[in-house]
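**Student:** A structural model of the following input is requested.
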Amino acid sequence: MYFMHDLKLFVLISWISLPAVMFGGYSALTWLYGRLTETQLKFFRLGHAHAGVLLVLSLVYYNYLAMTTLSRTAKLAACGVLAGGIILQSGGFFWHAFLDGEKKRVGIYITSVGALLLAVAIVWLAVALAIRW
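**Tutor:** Here you go, the predicted model:
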(Lines give C-alpha, C1' and ligand atoms only; values in the text may rest on other atoms or scores of the structure.)
Protein backbone atom coordinates (compact mmCIF):
# COMPACT_ATOMS: atom_id res chain seq x y z
CA MET A 1 0.00 0.00 0.00
CA TYR A 2 1.31 3.39 -0.93
CA PHE A 3 1.27 6.31 1.45
CA MET A 4 -1.43 8.76 0.38
CA HIS A 5 -1.41 11.05 3.40
CA ASP A 6 -0.16 13.97 1.31
CA LEU A 7 -3.14 13.58 -1.03
CA LYS A 8 -5.76 13.07 1.68
CA LEU A 9 -7.40 16.47 1.23
CA PHE A 10 -7.93 15.91 -2.50
CA VAL A 11 -9.24 12.39 -1.90
CA LEU A 12 -11.73 13.69 0.67
CA ILE A 13 -12.87 16.48 -1.65
CA SER A 14 -13.56 13.93 -4.38
CA TRP A 15 -15.51 11.62 -2.06
CA ILE A 16 -17.54 14.49 -0.61
CA SER A 17 -18.25 15.96 -4.04
CA LEU A 18 -19.64 12.74 -5.49
CA PRO A 19 -22.98 12.78 -3.59
CA ALA A 20 -23.42 16.46 -4.48
CA VAL A 21 -22.95 15.68 -8.17
CA MET A 22 -25.32 12.72 -7.93
CA PHE A 23 -27.94 14.88 -6.21
CA GLY A 24 -27.59 17.51 -8.92
CA GLY A 25 -28.16 14.89 -11.59
CA TYR A 26 -31.20 13.63 -9.74
CA SER A 27 -32.61 17.16 -9.44
CA ALA A 28 -32.31 17.57 -13.21
CA LEU A 29 -34.60 14.60 -13.65
CA THR A 30 -37.15 15.63 -11.04
CA TRP A 31 -37.38 19.23 -9.85
CA LEU A 32 -35.84 20.98 -12.83
CA TYR A 33 -37.43 18.91 -15.58
CA GLY A 34 -39.81 21.10 -17.55
CA ARG A 35 -38.35 24.30 -16.06
CA LEU A 36 -35.26 24.36 -18.25
CA THR A 37 -35.00 24.73 -22.00
CA GLU A 38 -33.85 21.68 -23.94
CA THR A 39 -30.42 23.27 -24.40
CA GLN A 40 -30.10 24.06 -20.69
CA LEU A 41 -31.16 20.54 -19.74
CA LYS A 42 -28.70 19.03 -22.21
CA PHE A 43 -25.74 21.02 -20.90
CA PHE A 44 -26.85 20.55 -17.27
CA ARG A 45 -26.74 16.79 -17.84
CA LEU A 46 -23.40 17.02 -19.62
CA GLY A 47 -21.91 18.99 -16.73
CA HIS A 48 -23.07 16.47 -14.14
CA ALA A 49 -22.05 13.47 -16.21
CA HIS A 50 -18.55 14.81 -16.74
CA ALA A 51 -18.19 15.84 -13.10
CA GLY A 52 -19.28 12.41 -11.84
CA VAL A 53 -17.03 10.40 -14.14
CA LEU A 54 -14.04 12.66 -13.60
CA LEU A 55 -14.43 12.58 -9.81
CA VAL A 56 -14.43 8.78 -9.83
CA LEU A 57 -11.41 8.77 -12.12
CA SER A 58 -9.67 11.28 -9.83
CA LEU A 59 -9.70 8.66 -7.08
CA VAL A 60 -7.82 6.28 -9.37
CA TYR A 61 -5.46 9.11 -10.33
CA TYR A 62 -4.61 9.82 -6.68
CA ASN A 63 -3.85 6.17 -6.05
CA TYR A 64 -1.40 6.00 -8.95
CA LEU A 65 0.08 9.39 -8.10
CA ALA A 66 0.88 8.08 -4.63
CA MET A 67 2.97 5.32 -6.27
CA THR A 68 5.33 7.82 -7.88
CA THR A 69 8.55 9.19 -6.47
CA LEU A 70 7.50 12.80 -7.07
CA SER A 71 8.05 15.26 -4.25
CA ARG A 72 5.12 16.25 -2.05
CA THR A 73 4.98 19.64 -3.80
CA ALA A 74 4.91 18.07 -7.27
CA LYS A 75 2.14 15.68 -6.20
CA LEU A 76 0.05 18.50 -4.76
CA ALA A 77 0.60 20.57 -7.90
CA ALA A 78 -0.51 17.62 -10.06
CA CYS A 79 -3.63 17.26 -7.89
CA GLY A 80 -4.32 20.97 -8.28
CA VAL A 81 -4.03 20.76 -12.07
CA LEU A 82 -6.37 17.75 -12.09
CA ALA A 83 -8.89 19.46 -9.80
CA GLY A 84 -8.80 22.60 -11.92
CA GLY A 85 -9.36 20.51 -15.02
CA ILE A 86 -12.37 18.76 -13.48
CA ILE A 87 -13.91 22.03 -12.33
CA LEU A 88 -13.39 23.78 -15.65
CA GLN A 89 -14.34 20.78 -17.80
CA SER A 90 -17.68 20.25 -16.10
CA GLY A 91 -18.22 23.89 -15.08
CA GLY A 92 -17.96 25.05 -18.68
CA PHE A 93 -21.07 23.06 -19.51
CA PHE A 94 -23.00 24.82 -16.73
CA TRP A 95 -21.67 28.19 -17.87
CA HIS A 96 -22.84 27.47 -21.40
CA ALA A 97 -26.25 26.31 -20.19
CA PHE A 98 -27.06 29.28 -17.98
CA LEU A 99 -24.74 32.22 -18.74
CA ASP A 100 -24.01 32.06 -22.46
CA GLY A 101 -26.58 33.49 -24.81
CA GLU A 102 -27.62 32.02 -28.12
CA LYS A 103 -24.33 32.77 -29.87
CA LYS A 104 -21.83 33.07 -27.02
CA ARG A 105 -19.42 30.21 -26.54
CA VAL A 106 -17.53 31.19 -23.38
CA GLY A 107 -18.63 27.98 -21.65
CA ILE A 108 -17.28 25.89 -24.51
CA TYR A 109 -13.90 27.65 -24.20
CA ILE A 110 -13.91 27.03 -20.43
CA THR A 111 -14.61 23.35 -21.08
CA SER A 112 -11.73 23.26 -23.57
CA VAL A 113 -9.31 24.76 -21.03
CA GLY A 114 -10.48 22.13 -18.55
CA ALA A 115 -9.78 19.38 -21.08
CA LEU A 116 -6.29 20.79 -21.62
CA LEU A 117 -5.60 20.80 -17.87
CA LEU A 118 -6.84 17.21 -17.61
CA ALA A 119 -4.48 16.20 -20.42
CA VAL A 120 -1.57 17.93 -18.67
CA ALA A 121 -2.40 16.12 -15.40
CA ILE A 122 -2.56 12.76 -17.17
CA VAL A 123 0.75 13.28 -18.98
CA TRP A 124 2.29 14.45 -15.68
CA LEU A 125 1.20 11.20 -14.03
CA ALA A 126 2.27 9.03 -16.97
CA VAL A 127 5.77 10.54 -17.00
CA ALA A 128 6.08 10.17 -13.22
CA LEU A 129 5.03 6.53 -13.44
CA ALA A 130 7.40 5.86 -16.33
CA ILE A 131 10.29 7.33 -14.34
CA ARG A 132 9.43 5.19 -11.34
CA TRP A 133 9.23 1.94 -13.31
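
**Student:** please tell me how far the most centrally placed residue in the chain sits from residue 79.
**Tutor:** Note on the chain: the residue nearest the mean C-alpha position is residue 86, at 2.0 Å, using CA atoms, centre = their mean. Here the distance between residue 86 and residue 79 works out to 11 Å (CB to CB, to the nearest Å). Where C-beta positions appear, they are placed from N, C-alpha and C, glycine not excepted.

**Student:** residue contacts, the residue nearest to the centre of the chain?
**Tutor:** 51, 54-55, 58, 114, 118 (CB atoms under 8 Å, 6 or more residues apart in numbering).

**Student:** need these in JSON lines with neighbour count, can you?
**Tutor:** Shown next, in JSON lines, are these (neighbours: other CB atoms under 10 Å):
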{"residue": "51", "neighbour count": "24"}
{"residue": "54", "neighbour count": "22"}
{"residue": "55", "neighbour count": "21"}
{"residue": "58", "neighbour count": "25"}
{"residue": "114", "neighbour count": "22"}
{"residue": "118", "neighbour count": "22"}
